[in-house]
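Asks: give me a model of this one.
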Amino acid sequence: MTDWKNIRTAPKDGTWILAINVKTNATRQHVVQYKIGKFPWVTGSAPMDFVAGLTHYQPLPEPPK
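Replies: This is a model prediction of the structure:
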């Protein structure tokens, strides 16, 4: 996968995206969506389901057919 974009330009409408933090570990990818709050990038609905420090994102790939 290529075409990583700056996280500041990521959709903030609840769309799920693939995100990374190139400063700490670019090989660890997270599927996240934006939620308004203290920790805006979440992986689920539980209070601790958040990821901080994301730097880049791209749309999720199409699922296999």
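Asks: Asp3 reaches Tyr57, doesn't it?
Replies: No. Using Cβ atoms under 8 Å, Asp3 makes no contact with Tyr57, being 9.9 Å away. Where C-beta positions appear, they are placed from N, C-alpha and C, glycine not excepted.
Asks: these two - which one has more neighbours?
Replies: Shown here are Asp3 and Tyr57; by other Cβ atoms under 10 Å, Tyr57 has more neighbours (23 against 8).
Asks: three-state assignment of the more buried one?
Replies: Put simply, Tyr57 is strand when judged by DSSP: H, G, I helix; E, B strand; the rest coil.
Asks: which residues in this protein form helices?
Replies: Counting by DSSP state H, the chain has no helices to list.
Asks: shaky segments in it?
Replies: 1-2, 25-26 (pLDDT under 70).
Asks: for it, what's the longest strand?
Replies: strand 25-34 (DSSP state E).
Asks: show me what contacts the spatially closest residue to Ile7 that is not a sequence neighbour?
Replies: Leaving out its chain neighbours, the residue that sits closest to Ile7 by Cβ to Cβ, 6 or more residues apart in numbering is Leu54, at 4.9 Å. Counting by Cβ atoms under 8 Å, 6 or more residues apart in numbering, Leu54 makes contact with 7, 19-21, 30, 32, 41.
Asks: and for Tyr57?
Replies: So Tyr57 contacts 4-5, 7, 10, 17-20 (Cβ under 8 Å, 6+ apart).
Asks: quick check, nearest of these to Phe50?
Replies: Ala19 (11.6 Å; Cβ to Cβ).
Asks: mind checking how far that closest one is from Lys65?
Replies: 25 Å (Cβ to Cβ, to the nearest Å).
Asks: do Gly37 as well
Replies: When distance is defined by Cβ to Cβ, Gly37 is 36 Å away from Lys65.
Asks: out of these two, which sits in the busier spot?
Replies: Neighbour totals were compared for Gly37 and Lys65, and Gly37 leads with 10 against 3 (other Cβ under 10 Å).
Asks: before we move on, back to that, among the contacts of Tyr57, which ones are buried?
Replies: Buried subset of the contacts of Tyr57 (neighbour count, 16 or more other Cβ atoms under 10 Å): 7, 10, 17-20.
Asks: thanks a lot, catch you later.
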